[in-house]
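have a look at this prediction, sequence included:
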Amino acid sequence: MNTEADLHDNLFGIPYVAPEIIKTYKAKLKQDNYTKYSDVYSLGVLLWQISSGKPPFEDRDNNMLYLAIMSGDREKRISGTPDRYYNLYNQCWNEEPEARPTLEYIYDTLEKFLKKDYEKGKVDDSDNNNEGELILFLQIIKLSLLCKMIVYK
């Protein structure tokens, strides 16, 4: 039994698990496929969740979800999601783990998004601003990425 995979599934849920991890787990291989690439896949799911405001694949049964993820099924783009944000999380879901962006690239890209929005005056600190909440979430992700980059070095 792969307790690390069980722990990951229970803490984060199957929607966040990269296809290569599911394949290894389903094949009952003893190797550990949790890598920075699988972390990037999971981060892409989290970025999608931030833009959608709901959990990924919330209407799917776990057994069917395993098959769907392994066959390349991903959450659909939410209407109103900026192209640059969609492109970023979509890159994180690349079928080839090595083709996924690096944590540094994601960090730098989020930094550019935030900087452009501040420069354009899009972000308003008022209490009734959903964009302000999005900015806060993205700042938290940037901080998490910075910590993760330190761990991987």
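Perfect, I can see it now.

for the protein, what spans make up the helices?
Taking DSSP state H, the helices of the chain run over residues 3-12, 19-26, 36-52, 62-70, 83-92, 103-119, 130-152.

can you give me the end-to-end span of stretch 90-110?
With C-alpha to C-alpha, to the nearest Å as the measure, the first residue of stretch 90-110 is 14 Å from its last.

kindly report the same for stretch 88-105.
Stretch 88-105 end-to-end distance (C-alpha to C-alpha) = 10 Å.

who are the contact partners of the residue nearest to Tyr66 when sequence neighbours are not counted?
Excluding the flanking residues, the one nearest Tyr66 by C-beta to C-beta, 6 or more residues apart in numbering is Ile22, at 5.6 Å. In short, each C-beta sits where N, CA and C put it, glycine included. Residues touching Ile22, when contacts are defined by C-beta atoms under 8 Å, 6 or more residues apart in numbering, comprise 14, 66, 69-70.

what's the closest of the residues you listed to Phe113?
In terms of C-beta to C-beta, no member of those lies closer to Phe113 than Ile69, at 26.6 Å.

filter the contacts of Ile22 down to the buried ones.
14, 66, 69 (16 or more other C-beta atoms under 10 Å).

before we move on, the earlier item: possible to save the helices of the chain as TSV with mean pLDDT?
Putting the helices of the chain into TSV (pLDDT from 0 to 100) gives the following:
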stretch	mean pLDDT
helix 3-12	46
helix 19-26	82
helix 36-52	91
helix 62-70	87
helix 83-92	93
helix 103-119	80
helix 130-152	66
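
of those helices, which is nearest Lys76?
helix 36-52 (9.1 Å).

now Ile78. Its backbone dihedrals?
The phi/psi pair for Ile78 (degrees, to the nearest 10) reads phi -90, psi 130.

that one and Pro19, how far apart?
In this structure, Ile78 lies at 22 Å from Pro19, with C-beta to C-beta, to the nearest Å as the measure.

comparing those two, which residue is more hemmed in?
Applying other C-beta atoms under 10 Å to Ile78 and Pro19 shows that Pro19 carries more neighbours, namely 20 against 14.
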